[in-house]
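Engineer: following is a predicted model, sequence given first.
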Amino acid sequence: LKADAAAAGLDWIIGTWGDKATNGAAVRLTYEWRLDGHAVGVKLTAPDRNSEGLIARNAKTREIGYVSVDNQGGGAIGKVEPDAGNIVIKVAYSDGSSAEGKMAITHEQRGADTMKVIVSQLSDSGEVLETKMEIELVKIKETPAAAK
């Protein structure tokens, strides 16, 4: 996965990203290589929800899948698709109570240290629909002593 991501120019997402307004104090999103580059760990810390997930390739189908769980009993499962240098995660989700549905989370690279994350509705056929939320994130430069 690691070599393919680098070859496709999609490894830009690896690192810790935070909301621009508070430099990651309010929203923090981390993508890090796991299992010798065969998977990517995903960790989201936000005021209303914390979640952890994993991105990995199915050895048989070669599709790149995504699964996550959160601190409120919710979760999501789906797949990752590259789209013109952007990374789109399309999932079916449940929030842990009664809400469930489908959404697309698009990661648009806006510069070496900036990305926009766009959360949109997703049709049953996998088409990205109406935008529900956008947030601009900046790469957080952590010193080794501050890294967790």
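Structural biologist: Happy to help now that I have it.

Engineer: which residues touch stretch 80-87?
Structural biologist: With contacts defined as CB atoms under 8 Å, 6 or more residues apart in numbering, stretch 80-87 is touched by 8-10, 13, 55, 64-66, 88-90, 106-109. C-beta: built from backbone N, CA, C; applies to glycine.

Engineer: give me the distance from it to the chain's centre.
Structural biologist: Relative to its chain's centre, stretch 80-87 lies at 11 Å (CA atoms, centre = their mean, to the nearest Å).

Engineer: quick check: mean pLDDT of that stretch?
Structural biologist: Averaged over stretch 80-87, pLDDT sits at 90.

Engineer: do stretch 136-148 as well
Structural biologist: Mean per-residue pLDDT for stretch 136-148: 72.

Engineer: how about stretch 32-46?
Structural biologist: pLDDT averaged over stretch 32-46 gives 95.

Engineer: so which of the contacts of stretch 80-87 comes closest to residue 48?
Structural biologist: residue 89 (19.0 Å; CB to CB).

Engineer: for the closest one, helix, strand, or coil?
Structural biologist: Here residue 89 is recorded as strand under DSSP: H, G, I helix; E, B strand; the rest coil.

Engineer: in this structure it contacts residue 102, no?
Structural biologist: No - assessed by CB atoms under 8 Å, residue 89 is found out of contact with residue 102, at 11.4 Å.

Engineer: now the strands for this structure?
Structural biologist: 15-19, 28-34, 39-45, 50-57, 64-70, 75-83, 86-94, 100-111, 114-122, 128-139 (DSSP state E).

Engineer: out of these, flag the one nearest residue 4.
Structural biologist: Closest among these, once you apply CB to CB, is strand 50-57, at 8.0 Å.

Engineer: and the closest one, which strands flank it?
Structural biologist: Sheet partners assigned to strand 50-57 using DSSP bridges are listed as strand 39-45 (antiparallel), strand 64-70 (antiparallel).

Engineer: what residues does residue 39 make contact with?
Structural biologist: 1, 33, 54-56.

Engineer: rerun at 10 Å
Structural biologist: Residues near residue 39 by CB atoms under 10 Å, 6 or more residues apart in numbering: 1-2, 32-33, 54-57, 64-65.
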